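> Show me the folded form of this:
(one chain, ligands or ions: 2)
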Amino acid sequence: MPQYNHILLTGGAGFIGSNFVRFVRAHRPDTHVTNLDALTYAGNLENLSDLEGDDGYRFVKGDIRDADVLRELLSDDNPIPGVDAVVHMAAESHVDRSILDSQPFITTNVQGTQTLLDAVRHANDGRDTPIRFVHVSTDEVYGSLPLDEPNEKFAESTPLAPNSPYAASKASSDMLVRAAHHTFGMDTLITRCSNNFGPYQFPEKVIPLFVTNLIEGKKVPLYGDGLNVRDWLHVDDHCEAVLAVLEKGRSGEVYNIGGNNERSNLDLTHTILQLMGHGDEMIEYVTDRPGHDRRYAIDAGKLERDLGWQPTRSAWPDALAATIDWYKSNGDWWQRVRSGAYRDYYSKQYAGRSVH
Ligand code: NAD
Ligand code: TDX
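Ligands and ions are numbered 1, 2, ... in the order given. The predicted structure follows:
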């Protein structure tokens, strides 16, 4: 099983990306990680403040739409070994934002992915072994399942039928990655994961939003009838799966990742309320999200059979309770996100330093 010398991770200052940096540094101490992140509203370097001083990790502020930055990073051998793998997580990731303004979703998720693919293809020129490219995608590209057929799940062969601008932009990026493999023989893989939860998730997503609202004594806004279903996976299980795909996956393949942990939003809300000692009076039913997908459910059997991966950190409701405890114990982190103070970290911490 190849272990990689140097991963270029895009979007590493976000929720999953920052957990992935920490996961790789803990489980593959010989693998260097360069985190390329544009620090949009979702990028927060405080997520990685514990890695300041780790020689195997470096942060570079830059945009995946900037071909010059990509060229420089992919050809750079110093001070660490050259990049031999790219894990692509940078994206606009919130469905509600894509409904309000889809433009950043097209420029980052679609054009940015193609710019990154082009840069990797050029960097492969003259190399004996091409750079391996793992594209981190989502179950939302498959669209929505009905509630009345509980045995139906998304398989890798399920046709893509994205319903939101976010999902459509991710599906487009998946198609570009597929084309790069087919046309240019690039060493690409695609993962499609279900809903993640865990530490450092931006408090616009349902679990950290509801938990932090309740800590502040506010109600939780439940969309529509609350019967939409999501399949919840702990972020560390996702990180382990992405690493397994990077190290053991078959080039050109798609791998679904899921927790086998379907919950309606109403069930999820009741569990959060119960774990936090609140009653139903804290639920505020609000207008539904336009085009709200009814149900996501992932069949992750291929990943289990072919690569031996299984979720081990997503046990319900214990993993949810531990996540709630994390937000309770890390009030500073999310209060600085809510106030906007987290945006000063980069200028304070990196002032005067070269980006490399
Ligand atoms: P996030 O919004 O928390 O983080 C995204 C990161 O990408 C941020 O740090 C942001 O600054 C960076 N970024 C955005 N545009 C950029 C650009 N143009 N150049 C460089 N960096 C840029 O997202 P997340 O929830 O951590 O999701 C990470 C990836 O996983 C995304 O591709 C998402 O589609 C996918 N995914 C997420 C989930 C989930 O439940 N959160 C589930 C399945 C797949
Ligand atoms: O305030 C809310 N009230 C509510 O009822 C919010 C923010 C959400 N919801 C519902 C909508 C969804 O059915 O909760 C469910 C989860 O919503 P989000 O946290 O916004 O996640 P979702 O839309 O399911 O998408 C997530 O999973 C797939 C991630 O944000 C995506 O990046 C990932 O690809």
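> List the residues that contact the one residue in the stretch 51-200 of the chain that gets nearest to ligand 2.
Nearest to ligand 2, among the residues of the stretch 51-200 of the chain, is T138, at 3.1 Å (CB to the nearest ligand atom). Any C-beta I mention is one placed from the backbone N, CA and C, and that applies to glycine too. By CB atoms under 8 Å, 6 or more residues apart in numbering, the contact set of T138 is A167, K170, R192, C193.
> Relative to ligand 1, how far out is T158?
Here the criterion is CB to the nearest ligand atom, to the nearest Å. By it, T158 lies 16 Å from ligand 1.
> That residue belongs to a strand?
No. Going by DSSP: H, G, I helix; E, B strand; the rest coil, the assignment for T158 is coil, not a strand.
> My guess is it contacts Y142. True?
Yes. At 4.9 Å, T158 and Y142 qualify as touching, with contact defined as CB atoms under 8 Å.
> More neighbours: which of the two?
It is Y142, of T158 and Y142, that has more neighbours when counted by other CB atoms under 10 Å, with 25 against 18.
> before we move on, what SS does the residue in the chain sticking out farthest from the centre have?
Distance from the centre of the chain peaks at E281, with 32.5 Å (CA atoms, centre = their mean). When states are read from three-state DSSP, the local structure at E281 comes out as helix.
> which residues of the stretch 201-350 of the chain score low on pLDDT?
Across the stretch 201-350 of the chain, not a single residue meets the criterion (pLDDT under 70).
> Next to ligand 1 in this structure, residues from it, please.
Counting by CB under 6 Å from any ligand atom, the residues of the stretch 201-350 of the chain close to ligand 1 are F202.
> And the helices in the stretch 201-350 of the chain?
Along the stretch 201-350 of the chain, the stretches classed as helices by DSSP state H, counting those that start in this stretch are 206-215, 235-248, 265-275, 301-307, 318-329, 331-339, 345-350.
> hang on, the earlier thing: relative to ligand 1, which of the contacts of T138 is nearest.
Proximity of the contacts of T138 to ligand 1, judged by CB to the nearest ligand atom, is greatest for C193, which lies at 3.9 Å.
> Buried residues, stretch 46-62. List them.
Burial within stretch 46-62, assessed by neighbour count using 16 or more other CB atoms under 10 Å, is assigned to E46, N47, L48, L51, G56, Y57, R58, F59, V60, K61, G62.
> can you check stretch 327-344 too?
Under 16+ other CB under 10 Å, the buried positions of stretch 327-344 are Y327, W333, W334, R336, V337, Y342, R343.
> Thought L45 was touching the fourth one, still the case?
It refers to R336. No. Taking contact to mean CB under 8 Å, the distance of 11.4 Å between R336 and L45 leaves them out of contact.
> so what sits against both of those two?
Residues touching both R336 and L45 (CB under 8 Å, 6+ apart) are Y342.
> As a check, name the ranges of all strands in the stretch 101-250 of the chain.
Under the criterion DSSP state E, counting those that start in this stretch, the stretch 101-250 of the chain carries strands at the ranges 132-138, 188-193, 195-197, 220-223, 229-234.
> Same list, those, but as TSV with distance to P317 please.
TSV is the format used below for the strands of the stretch 101-250 of the chain (distance: least, CB to CB, whole Å):
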stretch	distance to P317
strand 132-138	24
strand 188-193	20
strand 195-197	11
strand 220-223	16
strand 229-234	10
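> Look up phi and psi at A85.
With angles defined as degrees, to the nearest 10, A85 sits at phi -150, psi 140.
> so what's D76 scoring on pLDDT?
Each residue has a pLDDT score; the one for D76 is 64.
> by how many degrees do the top helix by length along the chain and strand 132-138 diverge?
Secondary structure assigned by DSSP state H gives helix 165-184 as the longest helix of the chain. Between helix 165-184 and strand 132-138, the angle comes out at 150 degrees (axes from the mean of the first three to the mean of the last three CA atoms, to 10 degrees).
> Alpha carbons of helix 165-184, as CSV, please.
What follows is helix 165-184, C-alpha atoms only, in CSV (Å, rounded to 0.1, in the frame of the first residue of the first chain):
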residue,chain,number,x,y,z
PRO,A,165,-27.3,24.7,-7.4
TYR,A,166,-24.7,23.3,-4.9
ALA,A,167,-25.4,19.7,-5.9
ALA,A,168,-25.4,20.6,-9.6
SER,A,169,-22.0,22.3,-9.2
LYS,A,170,-20.6,19.2,-7.4
ALA,A,171,-22.0,16.9,-10.0
SER,A,172,-20.4,19.1,-12.7
SER,A,173,-17.0,18.8,-11.0
ASP,A,174,-17.4,15.0,-10.7
MET,A,175,-17.9,14.9,-14.5
LEU,A,176,-14.8,17.0,-15.1
VAL,A,177,-12.8,14.6,-12.9
ARG,A,178,-14.2,11.6,-14.8
ALA,A,179,-13.3,13.3,-18.1
ALA,A,180,-9.7,14.0,-16.9
HIS,A,181,-9.3,10.3,-16.2
HIS,A,182,-10.9,9.1,-19.5
THR,A,183,-9.3,11.6,-21.9
PHE,A,184,-5.9,12.2,-20.3
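> coming back round to it: where neighbours are concerned, which of the contacts of T138 has the most?
The most crowded member of the contacts of T138, judged by other CB under 10 Å, is K170 (29 neighbours).
> Isn't that residue up against P162?
Yes. Using CB under 8 Å, K170 makes contact with P162 at a distance of 7.0 Å.
> All set, thanks.
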